[in-house]
Each structure stands twice: as C-alpha cells, then as structure tokens.
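Engineer: how would this look folded up:
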Amino acid sequence: MTKLLMKYRYLVIILSVAICLGGLAMLPQMRTDPDIRNYIPPEMESSINTDRIEEEFGLQDMLMIIFRDSCILTPENLRRIRKTDRQIEDLRSVDNTISLFNTRRIYGDRGMMIVDPAISRFPESNKDIEIIKNQLRDNPLAMGIVVSDDFTMSAIAATISKDTDENIILAEIDSVISANPGSAEVYFGGLPYIRQAIKKDVRRDGLTLVPIALIIMLGFLWLAFREWKGMVLPFTIVVISIAFAMGLVPLLGWKLSILSLIIPIMLIAVANDYGIHMIAKYQELVSENNTDSNDTIVGNMVRKLRLPVIFTGLTTIAGILGLLAHAIIPARQVGILASAGIALAVLLSLFFLPAWLSLLPKSKPLVGGDKISNSLLDRSLARLSHIVTERPKRVIIISAVLTLLFAGGILFIKVDGNQENFFPSKHPVKQASMLINKHFGGSQAISVMIEGDIKDPALLKTMNSWTEEIKSMDGVGNSYSIATVLREMTKALYNENEAGYDRIPDSRQAVAQILEIYNMSGDPDDFDRLVAFDYSKAHLMVRFEDPATELIRKAVKRINAMAENDNIDVMIGGYAYIMLQFSDKILMGQVNSLIFAVIVVLVLLTIILRSFKGGLISTIPILASVIFLLGFMGISGIALDPATALLSSIMIGVGIDYVIHFLWRYKSELVFLNHSEAVIKTLRTTGRGIVYNALSVMAGFSVLVFSGFTSIRFFGYLVLISIGVCLVSALFVVPSILLVFKPSFVEYKSNNKNHTMRKKNFKRAIVVSLLLITSLAIMAQTDKAREIMDKSRNVMKVESFEAVALLNIVDSKGRVRERSNITASKSYEDGTEKRLIRFLSPADVEGTTILIYDYDRGQDDMWIYMPALNRTRRIVSSEKGKSFMGSEFTNSDMSSPPTEDFNHSVIDESDKYYIIESKPISRKKEDEYGYSRKISTIDKTSYVVNKMDFYDDYDEHFKTILIKDMEDIGNNKFIISHMTAENFSNGRSSEIFMSDIRMGTQIRDEMFNVSSLGR
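Structural biologist: Numbers count the residues shown, from 1 in each chain. Next comes the predicted model:
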C-alpha cells in the first residue's frame, strides 16, 4: 500500500481536489425544507388523515397576525384591523380570513335569529366600547378565537392556498402591515411563519457557525501540533469532506432541514480525528527515529495506523448509520451524509495526508522518545496513569454507581416534537406562539372528522358532549364544532326559560329548519370549515393552549374511546396529532438507532478484536456513557427532540474510537511490558492523541451553543458532556477493567501461524464490517415496507358489502369454465373482516360456501361448506397455497395474508408506485403460501396493489395477478371489481368480475357463523 501511495501520490492529490470542487459546485443548488410534515414517513396515519380532512374542510395550518395594545377596541385599532383584514383577504393567494369583522354574532330579536359580524360598527365613546365588550363576552364564536379575554389583543387568521409560494404571500402580507401603521404591536404566528423562520435561521446558522467552527479547529490544531502541516492537512481533509457530504444533498434530490446544520459541524469535529491521529503518530515517529528519511517515517506511520484508522472509521460510521433506524426522514439523511463524509475523511487520512507529508520537508522532533514533556497535558496523563494502575477497582465501582444513579433519570425523559420549541423565548415566532397559546386557544390543533348524518340529533348531541368534555381536559384551550354553533342558534330562537334554549333539538326536522333559518340570515358558507356541504361529515376542532405531547396523547386517546363507546366513525388529524406521532417516531427512532448502533459496534469490535469478550468490554463503557447522558437529560429536563435524538448514535460512533485506539496501543505494549506498565505507556502516548481528539471534537461542536435554535443549542451542550464522558470512559474505565480482569484477548501471541491468521481476519473483518453497515440501510427500509403493506392491506378492508361475482377459469387451450357466486363481507372493530362466498353456478358447485375470517394480525381462518356431503371443513394453513375452486387464484389470494408472515423490503419506487418484495419468514411459510417471494406494485396515492408477481423455489417467475378495475367506495377504501391471474408454468389463467356491488348493507352477524354455512 505504501509503495503504491508514493507512486501515485500526485494522482491522489488531484482526485481529492476534484472531489472538493465537485461538491462545492453543487452547494448553490441546495434548498431548505422547513415543513415538519416532510420530516415524517408519508404513510403515517396522522399525515394521511390530515390530508383527507384538508381535502374536505380546507388547510389547517393557518397563519395568525396579532395586534396588541392596552385596549384593542379603540376606533383607531379597529379601523386598522378591518383595513388590514380586507387587504389580506383580497390577496390572490389567500383563501379566507377570520377576524372580528367576519366572525359571526348570532342573537335573537323578538323571536327572530339575527346574524351580524362580531363587530358591526366602530365605537364612538367609552360606553360603546363597553357594549362591544359585553357582546363579545357572550359570543363563543369570537371570544378566545379572534379577541383575547382581556381585550388587549385581536387576531386575524388567514388560510393560504395550498399551491402558493409561502415566501411570496408572507412578503405580501408584510407589505400590507407596513402600509397600515398604528400604535398596536404586531406579532406573526402560525406554521407558515414558523417555516419561514426556520428557513432564515438555518441559512443564518450555516453562514455563521460553520466558519466559526473552522476557525476554532484551526486554532486548536495549531496549539496541538505547533506546525503548519499539522494544522493545514487535517483542516483540508475536513473541508473536502464537508464539500462532498453537503454536495450530496442536492445531488440526491434532498433538502436541508434544521438537522442539516449538524452535518458540517459534525464533520469539523469528527472528520479531522483520523488526521489528528496520523499527525500525532508522525510527530512521535520523527522524535523516536529522527535519522530515518521522511518517506520511511510516512510509510511507518501508515503501516502502524492503517488498521486502527480503518476500524475506528468503520465503527464511527456504524454508530452514525444507526440513524437509519429512525423514522424521521432528516435523521436518516444525517446518518447517510455524515457517514459519507466520514468515510471520505478516512480515505483522505490514509492517502491524501500521507501523500502531502511525503512531499513536504520532514518535521522537527517535538518529543524525544519516552521522555515526558512538562506540558500540563503530559503531567495530567502521568498522574492519571498512576491513579488507574493503583486503584482500578475503585474506578470501576465509582463508575458503576454513577451510571446506575443516572440511569434512573431516563424515566423522566420528555419527548418534544413541537416546532415552536425550536426557538428561544425571545424569538418573535416563539413570542407569537406563546400569545396564541395563552389568549387564542392555542396554535396547535387536532382535527376530528366525524362521518354520518350530521343533521341527526343523536349524533349532534354526541358531538356536543364530546366538545364539552374535551374542552374540560388539561391543556385544551378551545374546542368547537357545528354543535357549538347550533346551540348558539337555539339561544337566538328561544328564551332562557324555554326548553329549546342552548340545546340540540330533538328532531332532525328541527335541526334542518334551524340551519335553514341561519342560511336566510347569514352566509351559507360560514361553516364550510365545520360541516360538509351534504352534511355527511363534520369537523370538530380541538386547540391546545399547552401543546405538551402527553396532553395531546390523552386527548387523542379520549376521542378514540368516546368514538368507540358511541359507535361513531371518526378520523383524527391536524398538526397537533402529526406532532404527537412525530414525537413518538423520535422516541422510537432513539431506541431503534441505539439498539442497532450497539449491536453493530459490538459485532465489529468482536471481529476486530477476535473476541466476544473483547467486544463486550469495549462496548460496555460506551453504553454506560449513553445511559449517563440520557439520565442527565431526564434529570435536567432537556427534552428528546429531533436534534438531541441523534446524540446516542453519534456518541457511540465517536466514543468507540477512543477505546479502539487505546486497546490497539495497549496490545502492542503488552509484548514487552506487564499490564500496569502497558497502561502507563499507553496513557502517556496514545492517551495524548485521544485527548487531542476529544478536545477537537468538543471544540468543533461547541459552536452549536450559539445556534439560533434552542434544540441545536442543547445538542451542542450535550455533545460536550457526552464526549467528556466518553473520554473519561476510555482513559479511566477501560484501563481499569483491563487491569482488574486481564482479559486474554489483549495478550500477544507470537507464533507465525497466528500472525498470518490475524492478517486474514483483519481483511475478513473489514469485509464483514462493510456488509454489516450496508445491512443497516436494508433494515431501515424494512419498517417502511411493512407500513406500506399494512396500509395496502387496510384500504381493501371495508365496513360491509354484498356483490355478485363471476369466476372464469381458462385452461391452456383457451377453454373457459364459469362459476358465479354471491359474496358478502363485513368488517369489525378489532380489524377482522369476515367474508362469505356462496356459489350459484354451475350446478355441481351450487350451494358450496366459503367462509373467511381475515384477521388484522395472525393467521386467517377459512372454512368451506360442501352441500353434496352436507359437511363443513376448515381449510388449514397448509392448504392456503392450494387452488381456490380450481382456479389460478389460491386460497390465500382470496384473503389478506398477515404482514408478519413475511419480510418486506422496498426494492424500488417511482413517482407513482412502491415496489415491495415480500419473502415468507420461514421455509414452512413458503410451503404454506406456495411461493418463495412476491413482488407487489403499490400505488403511492391509494396504496392499492396494482400487480403481484410470484416466484417459485428456483426464483422463477411463475404467476402474475393484475388488478384491472376496482370500485372506489370513498374514505380511501376500495373493492376489487376485476382481477386476473396468469400462471406461466401451466399456461392457465383465471378472472374474477364483481358486479351489483351494494355498500353498507345490514348484514347479520349470524351469517358468518360456521354453524350457519349449511343453511
């Protein structure tokens, strides 16, 4: 390797520069994506539901403009608000606005319903202001929605068009505000403004923090090595790695997120580690072998550190690639981009840096042999070596006790996915959010879409009771629905002492007539956001004044419980629900990435050290450090958010490097020294490089504490703590464990055969390591594929239907056999679908009946009733791959096989389709289903399977099922009306047609009893 490097060193330098320039050329194409909905998998329930609710009732992410003054109801303030409201509403990209001047006041006058704006005229005196205040206090449609209860604030809420460029419309609104000055302060809130602030602050942080971090790194490298080459070469490696990693963002079609800020800082902190170790070893070799030529010293440096650098790079990459287990999309991207940058940094450290060193003059010796310098660091390492060698058991006990104490703090960790909390308290967006939460019901909302006959009094009364119960829950600022409005209408029509006052009418006719009266008095479009045009759906809004994750979770749980108890179909969406599931994904991603990182690093260390015990000893201190950090977060109240959730993987990836470098040097010193002497020598030599490495990482990450985002600041603080803990583990705990237990894996075995085997094992280790790291990406795709398959399975489950079906069976000569049947299906609350298929013709199968219990999870049950024998027979699992009534469809094709029976993976995707490969989890399952793998083509919009290709034991494509037509029955549910199966191995095909499909029929449960099949 060294000879080749010297031969092609100019080529290495040229290629490195080309990579840098290529990456830099891509940077101008980078764009920022601040939308939290793009951070989560598109198939997540909350996102899908929100899209469907928005299709029915309009966008939910409204922007809010708040006017604040000592009294907001003065004529000057009200004129300014009305003029601003009208000008904003006139903007082409604004769908509608809500303000004091278009919110309704519903009241009665001599038995008539009057519908006026909440404020219909400007006050002319203080008495008029008091009258308006009293009217607003009695108006639940305005109070706490467009005006604060202390009358110091009023809000304009605007909904912008879906396909609008937010930058343009927000700039237009800013122009409107500027054109209407006044004494009241103006605050801008809502998700559009939050997204705009994220875009601006990501750009600002990137332009300020990265240069500062580079300057800090340069200063640190100069202090560490005291020569230009020791400063410039690691710095150059970092610059090339950053250019390469960030250049991949537009190249891969990705966009920047708030988490993207971490990538260049991480590379500044981590990518120079390998160069630092190389320069430190170079200086050490110069001091020990000053008479050798520069090429010889460079060659020895590469030979001695080649494997440690490769293995530390692999373990770092493995730890960071644990982020692929995250469901959060930007976290996965950070894992890929940071790993790519680190991988390049490893290669540059092994090739680019030595190539330059070989061309530059030899350095002057800084330290002579084993002589200890009088620097503070060297004196500290000398003292440390004596503490560790004299009291190793005490070190282990103290470390274990501290770890256990901090482990309890993990129970108190809170998860926070709220974008509002990305900003410090003094940020304008944060201040606006606090005002909205305190005075206007809350900036985060849950949307509940209720399906049914909305004019049905029973349903309206249920909605009303839900609204009132939800309103009383902790954290809820406001809750309202069409039932709330209807009660206001009755207050206008009845006197307080009358039975109909402030209550839902008892008859459907009364409800319809009250609504009709309103339509004659007000605008029929007033409640488009609360009820569908045909009154088949209603929208219940829940706003949170305290959008804490657990409070939102309790509300969602309560809504689901009420819906189940009252047997009402609901769909929950909205940004608060998205935020809740986003927070759950953060926690799940933290757990998954931690498990993956620990397992992969343990496996790699076991391979590297050729000992499971060695891998375990090396992993335990780092795992203890992670426990310490998570416990500290729980105790200190630092939340687990999109940024801090990355810490454990980064901590494992970086911290394990220190352990590997220590063990590598320690093993080599044991050849000539005893255990205590080897620890002392390792701490006073390699320990110096480890400390420089850790300090370099800490210095690089330290700039994050100056970020404009609170979560990134906390990430910066926690990195400093975590790297410090890893450093203590590597320099205190690991040597103490080695001294107490004296594991055999570190002992040197001198026979030549073992030496040869060790070299072979190193090569194998590298290959296996790369395979393990690659497998992480596959594992990360598995969860996504399973979610897609679950969704695809779900869209075919409908509440109930009946249909007539025709089954055509075609043999290899084109001859057709027809069979007709009646199919009835019904779905139950536990996810089970029961399906009855009774054949009508031909005569020989007339009356034959098949009953299928298609469970949401677990093995399905199937029975067949044979009238000629007057017997019912259960179809056992081993027969599910057999022909269905002589066709090319199998029994399992007529149901939805459980997703857990297969290992699913996304093998390809286009703009329109997912391509999912499903392999039975065992040989037994292959025999059961009759194929070794299945390729499904799934529509990205509807999640309907369009095509299924089946492969046999020899991986030969033997059958294809095509879905040629289907009935869209609404609510993202479908019934297949035409499908074909073509068997290429025998030349036969089959076809099923469904007709006379009747939805929502009242099917008796008794029809699906096994005992009823013969009736």
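
Engineer: longest strand of this protein?
Structural biologist: strand 957-970 (DSSP state E).

Engineer: So which elements touch it?
Structural biologist: Packing partners of strand 957-970 (3 or more CB pairs under 8 Å, 6 or more residues apart in numbering; DSSP states H and E): strand 945-951, strand 973-983, strand 989-999. In this view, the C-beta of every residue, glycine as well, is placed from N, C-alpha and C.

Engineer: can I get the ones you listed in CSV with distance to residue 922?
Structural biologist: Shown next, in CSV, are the helices and strands packed on strand 957-970 (distance: least, CB to CB, whole Å):
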stretch, distance to residue 922
strand 945-951, 16
strand 973-983, 25
strand 989-999, 28
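
Engineer: Now tabulate those in a markdown table and tack on distance to residue 350, mean neighbour count and mean pLDDT.
Structural biologist: Shown next, in a markdown table, are those (distance: least, CB to CB, whole Å; neighbours: other CB atoms under 10 Å; pLDDT from 0 to 100):
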| stretch | distance to residue 350 | mean neighbour count | mean pLDDT |
| --- | --- | --- | --- |
| strand 945-951 | 43 | 19 | 94 |
| strand 973-983 | 54 | 18 | 90 |
| strand 989-999 | 59 | 17 | 89 |
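
Engineer: where along the stretch 651-800 of the chain do the strands fall?
Structural biologist: All strands of the stretch 651-800 of the chain, identified by DSSP state E, counting those that start in this stretch, fall at 800-810.

Engineer: same question, the stretch 801-950 of the chain
Structural biologist: So, for the stretch 801-950 of the chain - with DSSP E, counting those that start in this stretch - the strands run 816-827, 833-841, 849-854, 861-866, 871-875, 902-909, 913-920, 933-939, 945-951.

Engineer: Kindly report the same for the stretch 301-450 of the chain.
Structural biologist: 444-451.

Engineer: Mind pulling up the pLDDT for the spatially most central residue of the chain?
Structural biologist: What sits nearest the mean C-alpha location of the chain, by CA atoms, centre = their mean, is residue 328, with 1.9 Å. Listed pLDDT for residue 328 reads 83.

Engineer: Mind listing the strands the longest strand of the chain pairs with, and their directions?
Structural biologist: strand 945-951 (antiparallel), strand 973-983 (antiparallel) (DSSP bridges).

Engineer: okay if I get those as a markdown table plus distance to residue 624?
Structural biologist: As requested, the strands paired with strand 957-970 are exported to a markdown table (distance: least, CB to CB, whole Å):
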| stretch | distance to residue 624 |
| --- | --- |
| strand 945-951 | 47 |
| strand 973-983 | 51 |
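
Engineer: How about stretch 399-407, which residues are buried there?
Structural biologist: Neighbour counts over stretch 399-407 (16 or more other CB atoms under 10 Å) mark 399, 402, 403, 406 as buried.

Engineer: can you list the weak-confidence ranges in the stretch 901-1015 of the chain?
Structural biologist: The model of the stretch 901-1015 of the chain has pLDDT under 70 over residues 1015.

Engineer: Swap in 80 and give it another go.
Structural biologist: 927-928, 953-954, 970-972, 985-986, 1000-1002, 1011-1015 (pLDDT under 80).

Engineer: so which of the strands paired with strand 957-970 gets nearest residue 437?
Structural biologist: When the strands paired with strand 957-970 are compared by CB to CB, strand 973-983 sits nearest residue 437, at 36.9 Å.

Engineer: For that closest one, output the C-alpha coordinates as CSV.
Structural biologist: C-alpha atoms of strand 973-983 as CSV (Å, rounded to 0.1, in the frame of the first residue of the first chain):
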residue,chain,number,x,y,z
LYS,A,973,-61.4,2.2,0.7
PHE,A,974,-61.7,0.1,-2.4
ILE,A,975,-63.3,-3.1,-3.7
ILE,A,976,-61.7,-5.1,-6.5
SER,A,977,-64.2,-5.4,-9.3
HIS,A,978,-61.9,-7.1,-11.9
MET,A,979,-58.7,-9.1,-11.4
THR,A,980,-56.8,-11.7,-13.3
ALA,A,981,-54.3,-14.4,-12.5
GLU,A,982,-52.0,-15.8,-15.2
ASN,A,983,-49.9,-18.9,-14.5
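
Engineer: And the helices in the stretch 51-200 of the chain?
Structural biologist: Using DSSP state H, counting those that start in this stretch, the helices of the stretch 51-200 of the chain run over residues 75-89, 126-137, 166-179, 191-225.

Engineer: Could you name the helices and strands sitting against the first one?
Structural biologist: The reference is to helix 75-89. Using 3+ CB pairs under 8 Å, 6+ apart: helix 75-89 touches strand 63-68, strand 94-98, strand 153-160, helix 166-179.

Engineer: Next, the buried residues of that helix.
Structural biologist: 77, 78, 80, 81, 82, 84, 85, 87, 88, 89.

Engineer: now do the longest one
Structural biologist: For helix 191-225, the neighbour count (16+ other CB under 10 Å) marks 191-199, 201-202, 205-206, 209-210, 213-214, 216-217, 220-221, 224-225 as buried.
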